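> Give me coordinates for this.
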Amino acid sequence: MRRLFLILACLLWAAPAWAEKLPVAVGIAPMKYFADKIGGDLVETTVMVPAGTDAHTYEPKPSQMRAVSSAVLYFSVGLEFEQAWVPRFLAANPKLQVVRTDAMIPKITMPAHHHDHDGKDGEHPIESYTVGNPQMLEKKPEPRETEDDPHVWTAPPLVKYIAEQMVEALSQADPANARTYRSNEGALLQEIDQLDAEIRSALSALPKTRRTFLVFHPAWGYFAKTYGLTQEAVEIEGKEPGPKELAHIMEEAKKDGIKVVFIQPQFSARTAQAIAQAIGGQVTAADPLAEDWAGNLREVARVFRASLK
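Residues are numbered from 1 along each chain as shown. Down below sits the predicted model:
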C-alpha cells in the first residue's frame with residue numbers, strides 16, 4: 001500500500017495538475033475545431049479571430065489578450081497576422097508555448113500574377129499526405145519569389161500534420177492525459193480520411209476541361225491541388241486588379257465557361273459582382289474560416305461540383 005502511495009505521489013508531482021481545463025489559444029476557427037476534437041473536455045480553446053471577421057485587419061480585444069496571458073499553448077498555422085501578434089502574446093505571457101502546427105507541411109506559394117489557363121495547374125493532385133512521410137520531410141525548400149500560402153487547413157490530408165503537432169504539444173503539457181489525446185487524434189484522423197474520400201468522390205466526375213474556378217481571395221490553393229482543380233484569383237498579393245487585369249480575368253473566365261465567382265464573407269463583393277455580371281454568372285460564398293471545418297468543406301465541394309459540371 002505504501003509503495004502504491006509513493007507511485008501515485010510521484011505521478012502527481014511529475015505531471016502538472018490542471019484544476020480545470022487546459023487553456024489553449026488559436027488564431028482562427030478551423031484550428032479550434034481541431035484543438036477541440038483532440039482535447040475534448042480537457043481543453044478550453046480561445047479563438048483570436050472570430051468567424052466572419054477579416055483576419056488581415058482584426059485586432060485582438062482586451063478579453064482575448066487576458067485569455068492568452070493564461071494560456072499554456074498557442075497553436076499557430078503560419079498566418080501573416082500571427083507573425084505580428086505572437087511577440088505581443090509572449091510579452092503578455094512569457095511562459096506561453098507557441099506551436100507551429102504547419103511546420104512539417106510542404107508549402108505552395110500565393111499567386112503573384114494572373115495568367116492564362118493551359119490546363120496544367122490541376123493535373124497533379126496531391127494524392128495523400130502521411131504524417132512522418134520521409135519523402136515529404138526530406139524535400140528541401142525551393143527558392144521563393146512569393147510568400148507561402150498559409151491556408152493549409154483547406155486540404156483535409158494536410159490536417160493530419162496539424163493534428164500530430166497538436167497531440168504532441170498537448171501530451172507534453174498534460175502528460176497525465178496523453179493517452180486520451182492520442183485516442184482523440186485517432187478519431188479525428190478517421191474523420192479526415194472519410195471527408196477526404198467524400199470530396200474525392202464528389203469531384204472525381206468533373207471533366208478536365210471544367211476544373212478551373214474563380215475566387216476573389218486565393219485561399220483555396222491547397223484544396224485545388226489536392227483534388228485536381230485549378231484556382232484562379234481575382235485579388236493578387238492583397239490587391240484588387242486594375243482595369244486591364246480585370247478585363248483579362250473576365251476574358252479568361254468566359255473562355256473557361258466559369259459562371260460562379262467565389263468570395264469569402266469577410267471581403268467586399270463589389271469587384272466579384274462586376275465580374276459575375278460581365279460573364280453572366282453569380283457570386284457565391286466559400287468561407288475557409290468557417291467554424292464547422294468538416295461540414296464547411298463538404299458544402300464547398302458540393303458547390304464547386306455544381307458550378308463546374
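> For the stretch 51-200 of the chain, give me the ranges with low pLDDT.
Low-confidence segments of the stretch 51-200 of the chain, defined by pLDDT under 70: 112-146.
> Break down it into its strands, ranges please.
Secondary structure of the stretch 51-200 of the chain (DSSP state E, counting those that start in this stretch): strands at 73-76, 97-100.
> residues near T209, how many?
10 (other CB atoms under 10 Å). Heads up, the C-betas are built off the backbone N, CA and C, glycines and all.
> Roughly how far does the closest residue to G238 other than its chain neighbours sit from V234?
The spatial neighbour of G238 that comes closest, neighbours along the chain excluded (CB to CB, 6 or more residues apart in numbering), is H56 at 7.3 Å. According to CB to CB, to the nearest Å, H56 stands 16 Å off from V234.
> which one of these two has more residues nearby?
V234 (24 against 13).
> give the contact list for that one.
214-217, 240-241, 249, 261, 271-272, 275 (CB atoms under 8 Å, 6 or more residues apart in numbering).
> G40: which of those residues is nearest?
H217 (32.7 Å; CB to CB).
> Now do the helices in the stretch 151-300 of the chain.
156-173, 178-203, 221-226, 243-256, 270-279, 293-308 (DSSP state H, counting those that start in this stretch).
> Please read the previous query as pertaining to the stretch 1-150 of the chain.
Going by DSSP H, counting those that start in this stretch, the stretch 1-150 of the chain shows helices at 2-14, 29-39, 62-69, 80-92, 134-137.
> Now do the fourth one: everything it contacts.
Residues lying outside helix 80-92 but in contact with it, judged by CB under 8 Å, 6+ apart, are 25, 27, 48-49, 55-56, 58, 60, 65, 68-69, 74, 76, 96, 98, 147, 150.
> Apply 10 Å and report the result again.
25-28, 48-49, 54-60, 64-66, 68-71, 74-76, 79, 96-98, 100, 147-148, 150, 238 (CB atoms under 10 Å, 6 or more residues apart in numbering).
> Can you flag the buried ones in these?
Buried by 16 or more other CB atoms under 10 Å: 25-28, 48-49, 55, 58, 60, 64-65, 68-69, 71, 74-76, 79, 96, 148, 150, out of the contacts of helix 80-92.
> Just give the number of residues close to the closest residue to I192 other than its chain neighbours.
Among residues not flanking I192 along the chain, P156 sits closest, at 4.9 Å (CB to CB, 6+ apart). The local packing of P156 (other CB under 10 Å) involves 26 other residues.
> just how off-centre is stretch 291-308 within its chain?
In this view, stretch 291-308 has its centroid 14 Å away from the chain centroid, taken as CA atoms, centre = their mean, to the nearest Å.
> One more: stretch 162-170?
Distance, centroid of stretch 162-170 to centroid of chain: 15 Å (CA atoms, centre = their mean).
> quick one on the thing from earlier: from the contacts of V234, which would you call buried?
214-217, 241, 249, 261, 271-272, 275.
> Pick the one among these closest to L308.
Among these, and counting by CB to CB, the member closest to L308 is L214, at 10.6 Å.
> I figured that closest one hits P241, correct?
No - using CB atoms under 10 Å, L214 is not in contact with P241; the gap is 11.8 Å.
> Could you pull out the residues contacting both of these two?
By CB under 10 Å, 6+ apart, the residues touching both L214 and P241 are 233-234, 249-250, 275.
> residues near K309, how many?
The burial count for K309: 10, using other CB under 10 Å.
> Return the residues in contact with it.
K309 neighbours (CB under 10 Å, 6+ apart): 203, 205-207, 210.
> Check Y227 too.
By CB under 10 Å, 6+ apart, the contact list for Y227 reads 122, 125-126, 155-156, 196, 199-200, 202-204, 206, 211, 220, 301, 304.
> any idea how far A306 is from N296?
Taking CB to CB, one finds A306 at 16 Å from N296.
> The two - which one has more neighbours?
N296 (19 against 11).
> correct me, but the more buried one touches F223?
No - using CB under 10 Å, N296 is not in contact with F223; the gap is 11.1 Å.
> Which neighbours do the two have in common?
154, 286, 288.
> Just send these back as JSON lines, with neighbour count too.
Formatted as JSON lines, these follow (neighbours: other CB atoms under 10 Å):
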{"residue": "T154", "neighbour count": "23"}
{"residue": "A286", "neighbour count": "26"}
{"residue": "P288", "neighbour count": "22"}
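> can you tell me which of those lies nearest to M104?
Among the shared contacts of N296 and F223, and counting by CB to CB, the member closest to M104 is T154, at 17.2 Å.
> Much appreciated, bye for now.
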